[in-house]
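*Asks:* No sequence on hand, only this structure:
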């Protein structure tokens, strides 16, 4: 946990989010007490967590010569509200049941609807509430960034580019699931925009922008952030299939039931025998897949050598990121934390 | 059409939107050619239209002593991108088929999915694409406002309050549909936040903020905008049931099939006989309601006197708005246009 808690970062990010949400409750309360559960759900969603993106932003800021100020924490924390939108909407689109060990937001609102005195379709209500809560989180992310008082044009540009990356990447992901080429290359492209750039490179750039950094810093952060983000996403793919539910917060094999076309799956299909290919086609994306089916798919991913290839790729990309970090002339403390974050993000000993 | 075209407003709003979207295509194109249909869909969505909200913003700006500058048009046009998000997401939540005489965005993407070479569920794909396109529109709305160069803290505050109004109001609307009290009061509260304030009062305030206006102007715009917005929404409710499809862009009686709990419906239920009440409960929200059923529901709305009461309320609120306008000391041209807009918005001779 060390790297994420230096400068008391996680506690300060939490405080910033709590303060922002508290200051925005009155407006919604005024509209009606029924809005309380909506705001509560967002507060709950942004409580706790690793704060990976704020950490990259904060250390990217210090690495670029910025100083530790509370306004920077506020700006960094706004990334958590954006992340809330991305995840809440993603879970609606993927019809995911669980998130962080709890029901996904749309499921939680559907469950609320199943109480006494409600009519209509619980799932539609849940999806609608989650769409709106994501919208609110997206609007508030931007508002919180502005509220930091540091949102100059360059800061806003980085933030806007990040939003377009994620939205475009999520659309490419949707497409990949239903008409994708299923190649390793196409899976990596989706991962690049949907997650990789947005988890590491863009938060670092936001930090650089908050420090008024020059182009060298942006280039160094790209050289470190892009391969690291890819390694991070590949680790996520492996965890989605093999991860311990108590760590991932999702049922074992959930990505397989959702039919995610990850680079891991694409690699397996590249070298699969006809029998293995047919097993993948039959089981991948079956929402009712039982434990035996999950085990069979895992076997294919291992037996084709895909898991090993992904692990090698994670190691290579992480090494590239660390080499880029060594070449960058960052202050010692920032370089040290970014090194720790790279290892933590790709081994997920977090 | 006169009031909406003064100062060539609609053509200039279109040009501002076209320019903004064109300048943002390269970033998405770089991610992949598959994103072209997504951006095309948004471009298409913001092409044409009455530009009611930009008009209130622009004339609110001139009324507050502001001058006609292209930057103001850019800021006003950003309201159309926000509106795109609100409608695209609303149509997903309501499972609406049509919008502005064309398939709703989620339906259009579902239809694209039905082409050759696609797998999976077209409706899920369509909903996912529409959620993402709405997110993109929401992000770009804010970016376009900032790009105007006029987004000082007060401008951003008005914009943020508007967003929270709409999102909170839409959630209240969802709730009203599934566990509402069904009272006139609760229906009017939903309409107030979801549509009324956001269509008239907030755009006027945005214009006032763009002109750096003092508190008197805001108060005058509230006195004019809140009743007018309510009248506008009530007109919308009537058109949703009785409107000509060639004007509304939606099938006749569509609001009845979707089961919208409007003030019009609430008023009918207040005075309905048991037989009329049971007819409403049976037919309202039946997606397969045929023309005979639509006609029966219309009869109940007329026979209970609800239509007449709503028409009276529209007339009263419009008169209140016009009286407030007379009391406000606005420049002649702005006062004249706002008077015309009030009549146009509530008679929908637009």
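*Replies:* Here it is on my side, so go on. Computed from a predicted structure; not experimentally measured.
*Asks:* name the element the residue nearest to residue A:194 when sequence neighbours are not counted belongs to?
*Replies:* Sequence neighbours aside, residue A:169 is the residue nearest to residue A:194 in space, at 3.2 Å (criterion: CB to CB, 6 or more residues apart in numbering or on different chains). From N, CA and C alone the C-beta is placed, and that goes for glycine too. According to DSSP states H and E, residue A:169 maps onto helix A:153-179.
*Asks:* what's the following helix or strand after that helix?
*Replies:* For helix A:153-179, the following helix or strand on the C-terminal side (DSSP H and E) is helix A:184-191.
*Asks:* could you give the angle of that next one to helix A:153-179?
*Replies:* 140 degrees (axes from the mean of the first three to the mean of the last three CA atoms, to 10 degrees).
*Asks:* now for helix A:184-191, which elements pack on it?
*Replies:* helix A:153-179, helix A:215-242, helix A:263-271 (3 or more CB pairs under 8 Å, 6 or more residues apart in numbering or on different chains; DSSP states H and E).
*Asks:* would JSON lines of these with mean pLDDT and mean neighbour count be doable?
*Replies:* Formatted as JSON lines, the helices and strands packed on helix A:184-191 follow (pLDDT from 0 to 100; neighbours: other CB atoms under 10 Å in any protein chain shown):
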{"stretch": "helix A:153-179", "mean pLDDT": "94", "mean neighbour count": "22"}
{"stretch": "helix A:215-242", "mean pLDDT": "96", "mean neighbour count": "22"}
{"stretch": "helix A:263-271", "mean pLDDT": "96", "mean neighbour count": "21"}
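*Asks:* What parts of the stretch 151-300 of chain A come near chain B?
*Replies:* Within the stretch 151-300 of chain A, the residues that sit near chain B (CB under 8 Å from any CB of the partner chain) are A:153, A:156, A:160-161, A:163-165, A:167-172, A:174-175, A:177-179, A:189, A:193, A:285.
*Asks:* Show me which residues of the stretch 1-150 of chain A are close to chain B?
*Replies:* A:24, A:27-28, A:31-32, A:34-35, A:38, A:85, A:89, A:92-93, A:95, A:113, A:117-120, A:124-125, A:127-129, A:131-132, A:134-136, A:138-139, A:142-143, A:146.
*Asks:* Please convert the buried members of these into ChimeraX selection syntax.
*Replies:* Restricted to buried positions by 16 or more other CB atoms under 10 Å in any protein chain shown, the ChimeraX selection for the residues of the stretch 1-150 of chain A next to chain B reads:
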select /A:24,28,31,32,34,35,38,85,89,92,93,95,113,124,125,127,128,129,131,132,134,135,136,138,139,142,143,146
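*Asks:* Out of the residues of the stretch 1-150 of chain A next to chain B, which sit inside helices?
*Replies:* Within the residues of the stretch 1-150 of chain A next to chain B, residues falling in helices by DSSP state H are A:24, A:27-28, A:31, A:38, A:85, A:89, A:92-93, A:113, A:124-125, A:127-129, A:131-132, A:134-136, A:138-139, A:142-143, A:146.
*Asks:* helices and strands of chain A: which one bottoms out on pLDDT?
*Replies:* When the helices and strands of chain A are scored by mean pLDDT, DSSP states H and E, helix A:245-248 comes last with a mean of 84.
*Asks:* For the closest residue to residue A:248 other than its chain neighbours, give me its contacts.
*Replies:* Closest residue to residue A:248 apart from its sequence neighbours, by CB to CB, 6+ apart: residue A:239 at 5.3 Å. Residue A:239 makes contacts with A:247, A:248, A:348, as judged by CB atoms under 8 Å, 6 or more residues apart in numbering or on different chains.
*Asks:* For those residues, pick the one with the most neighbours.
*Replies:* Highest neighbour count within the contacts of residue A:239, by other CB atoms under 10 Å in any protein chain shown: residue A:248, with 21 neighbours.
*Asks:* May I ask you to confirm that it is in contact with residue A:240?
*Replies:* Yes - the criterion here is CB atoms under 8 Å, and residue A:248 meets it with residue A:240 at 7.1 Å.
*Asks:* intersection of neighbour lists for the two?
*Replies:* residue A:254.
*Asks:* ok, back up a step: out of the contacts of residue A:239, which is nearest to chain B?
*Replies:* Chain B has its nearest neighbour among those in residue A:248, at 22.5 Å by CB to the nearest CB.
*Asks:* Need the contact partners of stretch A:26-44.
*Replies:* Contact with stretch A:26-44 is made by A:18, A:21, A:24-25, A:84, A:105, A:108-109, A:112, A:129, A:132-133, A:136-137, A:140, B:161, B:164-165, B:168-169, B:171-172, B:175, B:189, B:193, as judged by CB under 8 Å, 6+ apart.
*Asks:* Tell me how far the nearest residue to residue A:231 once chain neighbours are set aside lies from residue A:309.
*Replies:* Among residues not flanking residue A:231 along the chain, residue A:317 sits closest, at 3.8 Å (CB to CB, 6+ apart). Distance of residue A:317 to residue A:309, given as CB to CB, to the nearest Å: 12 Å.
*Asks:* which of these two has more neighbours?
*Replies:* Taking neighbours as other CB under 10 Å, residue A:317 and residue A:309 compare with residue A:317 leading, 23 against 18.
*Asks:* Would you mind giving the orientation angle of the helix or strand encompassing that one with respect to helix A:263-271?
*Replies:* Using DSSP H and E, residue A:317 maps to helix A:306-327. Here helix A:306-327 runs at 130 degrees with respect to helix A:263-271, directions being taken by the same axes, to 10 degrees.
*Asks:* can you give me the mean pLDDT across helix A:306-327?
*Replies:* The average pLDDT within helix A:306-327 is 97.
*Asks:* Stretch A:186-204 now?
*Replies:* For stretch A:186-204, mean pLDDT is 92.
*Asks:* Return the distance of it from the chain's centre.
*Replies:* Centroid displacement of stretch A:186-204 relative to its chain, using CA atoms, centre = their mean, to the nearest Å, is 9 Å.
*Asks:* Same question for stretch A:230-241.
*Replies:* Mean C-alpha position of stretch A:230-241 versus that of the full chain (CA atoms, centre = their mean) differs by 11 Å.
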